[in-house]
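> here are the coordinates; sequence isn't available:
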């Protein structure tokens with residue numbers, strides 16, 4: 001979810017960008033001014049911390065209650081004098097023990113980017129905050145890994161001969177547990193409160209059976225100090241449902257503890273972490289071709305094989321956490337530990353993930369810890385009855401409310417909030433075997449302004465100032481440390497539009513610890529071009545700059561479009577390119593119109609160039625790979641509660657005479673290209689030519705040579721392209737091939753031999769700074785990729801791919817794959 005409506009292009013700091021110095025960048029001055037840097041942050045020496053863990057806070061506002069005008073220099077002066085009462089150690093992402101003094105005084109990020117030196121004090125402060133918080137957790141809870149197993153203590157859990165229920169609700173005066181098991185009368189099931197605001201009850205078994213039956217409804221009833229009683233869904237509930245016979249019925253918590261015979265048992269191990277993720281972003285509910293909500297099991301059986309056939313190695317699932325409003329796309333979460341019941345039960349979701357693992361697919365979850373639904377009846381917000389921030393999951397006042405999203409904002413400094421959301425991450429990993437997360441709305445978390453009405457221009461002071469929410473930054477550092485500790489092969493991605501430096505660098509270096517960030521400027525640039533520019537106005541330099549403008553050593557997931565570009569009110573790239581002709585011009589029984597011919601050609605080129613040049617991973621949203629028509633519109637009053645636009649029309653692919661199949665075949669091929677040549681994981685990226693007159697971009701990624709010709713008319717024969725390695729080159733992939741709906745103008749059986757250029761080792765004498773060159777045919781609106789021939793390796797790989805696919809009994813996929821590379 002994005003906060004800002006401003007252009008995303010040029011949001012990222014230019015200093016330290018471009019992984020290979022592909023393009024010259026304008027370095028920002030390291031002496032850029034900074035206004036009131038962390039002026040509201042606390043003096044470390046002056047902190048006052050209770051010894052008890054429940055309700056503990058390290059909120060910066062609380063710590064600085066008497067010193068709001070404190071300067072940055074005074075904070076650091078105090079920091080230098082401060083010595084932790086505990087042996088100061090920091091466990092980094094690799095479980096290596098590092099001295100705290102070194103961690104605080106020597107920030108690894110500054111070695112990577114000396115331009116950050118001016119903000120060293122900021123990094124030292126937040127690193128101390130992180131180390132102190134982690135040490136407190138270890139002192140009071142044993143370890144962060146144990147702390148993040150709160151679901152074993154809170155909510156409903158089986159113990160010897162009973163069910164134990166615990167709930168943190170410090171503002172409550174009395175509390176009961178109610179449900180089907182006691183006729184919704186809690187008089188006989190009152191909870192007791194301890195000094196930390198935690199309510200608990202032991203409910204003995206009856207005749208050897210749990211007093212609360214599996215799959216029965218339950219709620220938490222508590223009384224506020226004004227004497228009013230409230231019924232709420234337990235915060236740690238593992239399943240929640242609503243009455244399907246009642247329109248807009250409220251949700252009920254469900255006690256989910258299936259007997260061993262009904263509990264799903266995982267059969268397949270997690271697949272190894274891919275060198276580079278090729279991510280298929282999917283929404284289970286809208287994945288059916290029918291106008292209805294799809295199920296986890298149907299998705300597993302019908303959609304996962306499609307994803308695997310198209311050579312993706314990762315599937316990212318949206319809207320898994322329970323959300324009472326379907327139209328929120330899953331981003332207004334009501335029950336954080338519960339799976340969305342619209343698509344099935346917890347055991348059904350486990351079946352889906354196990355099936356994905358059997359296909360070699362990692363599974364990421366779209367996790368929402370940036371905010372929570374404002375829904376009082378069904379959600380966590382129902383526990384807020386006007387108490388102080390330290391007794392609530394959320395901040396009070398304006399700080400606790402997101403005015404654009406109409407949702408509540410967590411108090412990340414609160415001990416029990418940290419337990420809740422860190423445990424939430426571990427729950428999804430341990431219980432459901434998720435392989436990582438895509439954190440939604442990270443920009444909103446990083447700054448007190450939440451990115452609202454902010455146009456980040458790339459100045460470092462925009463990222464490191466009093467506007468930075470250090471509480472949230474510390475939480476994200478703890479979260480990434482935790483996830484990589486319990487699952488070293490996890491993939492964790494940040495959705496951030498601001499471009500904060502260090503976001504995807506290890507915590508041990510002073511970074512926030514994500515593996516990747518989403519390259520969110522790229523889709524905005526493509527939408528701008530497709531909507532507003534004529535073909536002749538497309539700038540090769542600007543396109544290339546947009547794709548390569550990323551921080552050195554911070555990995556990005558590139559995408560041309562995601563679910564954001566498909567929702568109602570916007571259009572996908574295919575729909576922008578072809579619009580109404582997608583309804584009438586996609587049949588191969590007739591010649592393609594100029595609009596359709598252009599649309600199919602540019603659709604392939606835009607997605608391919610994004611993948612090849614835009615990052616270290618790639619993402620596609622479900623259906624966009626084949627140019628799914630129309631938009632996404634969830635059932636709502638304004639459309640008569642219709643599901644017609646909330647589905648995927650897979651039948652378009654299965655109709656032989658429709659051109660959608662060409663785009664799908666190309667998507668399969670470009671993923672296969674990376675599977676073979678591993679170019680996404682290669683740090684070698686060199687753009688040798690961006691010719692504005694020819695409208696041609698030439699670059700190398702790994703040892704592949706890419707030639708993109710965006711000219712609408714010109715064919716270039718004998719077009720000279722530079723390359724690094726000498727030898728013989730052949731076509732690896734051609735967007736103009738017949739099987740991809742092209743015109744087949746490039747011969748695939750032609751050998752291209754290189755010629756040396758200039759003096760070896762003297763770039764200025766080379767051709768486009770490359771020591772070798774060869775000549776190619778480049779038709780208009782095409783991309784052709786060339787690989788350096790390895791005679792022995794090619795045949796072996798083709799044989800391997802063929803045997804693998806025949807095991808899957810997918811002969812049609814075999815023929816397509818073999819045609820791409822068999823020469």
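Noted; the coordinates are in hand. As the structure is a computational prediction, the values presented were derived from the model and not from experiment.
> Just to check, residue 239 is in contact with residue 340?
No - look at residue 239 against residue 340 with Cβ atoms under 8 Å: they stay out of range, at 10.0 Å. Just so you know, the C-beta spots here come from the backbone N, C-alpha and C atoms, and that holds for glycine as well.
> out of these two, which sits in the more crowded spot?
A direct count of neighbours by other Cβ atoms under 10 Å for residue 239 and residue 340 places residue 340 higher, at 25 against 19.
> Skipping adjacent residues, who's closest to the more buried one in space?
Excluding its sequence neighbours, the residue lying closest to residue 340 (Cβ to Cβ, 6 or more residues apart in numbering) is residue 322, at 5.3 Å.
> low-scoring stretches of the chain, by residue?
When residues are selected by pLDDT under 70, those of the chain lie in 1-105, 568-569, 791-823.
> Determine the longest helix present in it.
In the chain, taking DSSP state H as the definition, the longest helix is helix 120-141.
> Check the offset of the helix or strand just after that one from the chain's centre.
Downstream of helix 120-141, the first helix or strand assigned by DSSP states H and E is helix 144-147. Computed by Cα atoms, centre = their mean, to the nearest Å, the chain-centroid distance of helix 144-147 equals 24 Å.
> got a list of contacts for helix 144-147?
Contact with helix 144-147 is made by 134, 137-138, 141, 418-419, 422-423, 426, 478, 481-482, 485-486, as judged by Cβ atoms under 8 Å, 6 or more residues apart in numbering.
> ok, and the most crowded of these?
Neighbours here are counted as other Cβ under 10 Å. On that basis the top member of those is residue 418, with 29 neighbours.
> Is that residue part of a helix or strand, or is it coil?
Under DSSP: H, G, I helix; E, B strand; the rest coil, residue 418 falls in the helix class.
> contacting residues for residue 378?
Each residue near residue 378 by Cβ under 8 Å, 6+ apart is listed here: 233, 240, 250, 251, 324, 334, 335.
> is it fair to say it lies in a helix?
No - checked against three-state DSSP, residue 378 lies outside a helix; its state is coil.
> Pull up the distance across stretch 494-503, start to finish.
Between the opening and closing residues of stretch 494-503 we find a distance of 8 Å, counting by Cα to Cα, to the nearest Å.
> Equivalent analysis for stretch 197-208, please.
31 Å.
> how about the helices in the stretch 451-600 of the chain?
When secondary structure is read from DSSP state H, counting those that start in this stretch, the stretch 451-600 of the chain shows helices at 470-486, 521-532, 540-548, 573-578, 581-584, 594-613.
> can you put these in CSV and add distance to residue 652?
Rendered in CSV, the data for those read as follows (distance: least, Cβ to Cβ, whole Å):
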stretch, distance to residue 652
helix 470-486, 38
helix 521-532, 21
helix 540-548, 29
helix 573-578, 11
helix 581-584, 10
helix 594-613, 14
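> Out of these, the one nearest residue 786 is which?
Proximity to residue 786 (Cβ to Cβ) singles out helix 594-613 among these, at 12.6 Å.
> what angle do that closest one and helix 540-548 make?
With axes from the mean of the first three to the mean of the last three Cα atoms, to 10 degrees as the basis, helix 594-613 and helix 540-548 are set at 50 degrees to each other.
> what comes up buried for helix 594-613?
Counting neighbours by 16 or more other Cβ atoms under 10 Å, one finds that the buried residues in helix 594-613 are 596-613.
> Next, the angle helix 594-613 makes with the helix or strand that that helix is followed by.
Proceeding N to C from helix 594-613, the next assigned helix or strand is strand 617-621, under DSSP H and E. With the same axes, to 10 degrees as the criterion, the two stretches strand 617-621 and helix 594-613 enclose an angle of 150 degrees.
> other SSEs contacting the helix or strand following strand 617-621?
Counting by DSSP H and E, the element after strand 617-621 in chain order, helix or strand, is helix 660-677. For helix 660-677, the packing partners by 3 or more Cβ pairs under 8 Å, 6 or more residues apart in numbering; DSSP states H and E come out as helix 594-613, strand 617-621, strand 728-734, helix 811-821.
> Can I get the ones you listed in CSV including distance to residue 490?
CSV is the format used below for the helices and strands packed on helix 660-677 (distance: least, Cβ to Cβ, whole Å):
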stretch, distance to residue 490
helix 594-613, 23
strand 617-621, 14
strand 728-734, 31
helix 811-821, 30
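> so which of those comes closest to residue 280?
With Cβ to Cβ as the yardstick, what comes closest out of the helices and strands packed on helix 660-677 is strand 617-621 (6.1 Å).
> what sits up against the closest one?
Residues beyond strand 617-621 that count as contacts (Cβ under 8 Å, 6+ apart) turn out to be 276-282, 312, 316, 516, 518, 555-563, 565-566, 607, 610-611, 667, 671, 674, 680.
> Residue 178: what secondary structure?
The three-state label for residue 178, taken from three-state DSSP, comes out as strand.
> Is it correct that it is in contact with residue 187?
No - contact status for residue 178 versus residue 187: not in contact, 9.5 Å apart, counting by Cβ under 8 Å.
> Comparing these two, which residue is more hemmed in?
Each of residue 178 and residue 187 had its neighbours counted (other Cβ under 10 Å), and the higher figure belongs to residue 178 (18 against 8).
> Quick check: the more buried one vs residue 253, distance?
10 Å (Cβ to Cβ, to the nearest Å).
> again, but for residue 323
Residue 323 sits at a distance of 15 Å from residue 253 (criterion: Cβ to Cβ).
> what about the strands in the stretch 651-800 of the chain?
For the stretch 651-800 of the chain, the strands defined by DSSP state E, counting those that start in this stretch occupy 685-691, 696-701, 704-709, 716-723, 728-734, 752-753, 755-756, 772-778, 782-788.
> what do you get for the stretch 351-500 of the chain?
Using DSSP E, counting those that start in this stretch, the strands found in the stretch 351-500 of the chain span residues 362-367, 372-373, 401-402, 407-408, 436-439, 491-494.
> Now render those strands as CSV, adding distance to residue 211 and mean neighbour count.
What follows is the strands of the stretch 351-500 of the chain, written out as CSV (distance: least, Cβ to Cβ, whole Å; neighbours: other Cβ atoms under 10 Å):
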stretch, distance to residue 211, mean neighbour count
strand 362-367, 33, 23
strand 372-373, 31, 25
strand 401-402, 39, 18
strand 407-408, 33, 25
strand 436-439, 36, 25
strand 491-494, 40, 26
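> Adding distance to residue 508, write those out as TSV.
Compiled in TSV, the strands of the stretch 351-500 of the chain are given as follows (distance: least, Cβ to Cβ, whole Å):
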stretch	distance to residue 508
strand 362-367	23
strand 372-373	30
strand 401-402	32
strand 407-408	32
strand 436-439	19
strand 491-494	15
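> Among the ones you listed, which comes closest to residue 467?
Using Cβ to Cβ as the criterion, the shortest distance between residue 467 and the strands of the stretch 351-500 of the chain is 15.6 Å, found for strand 401-402.
> Count the residues that sit near the residue lying closest to residue 582 once chain neighbours are set aside.
Once its chain neighbours are removed from consideration, residue 582 has its nearest residue in residue 629; the separation is 4.4 Å (Cβ to Cβ, 6+ apart). Counted with other Cβ under 10 Å, the burial measure for residue 629 works out to 19 neighbours.
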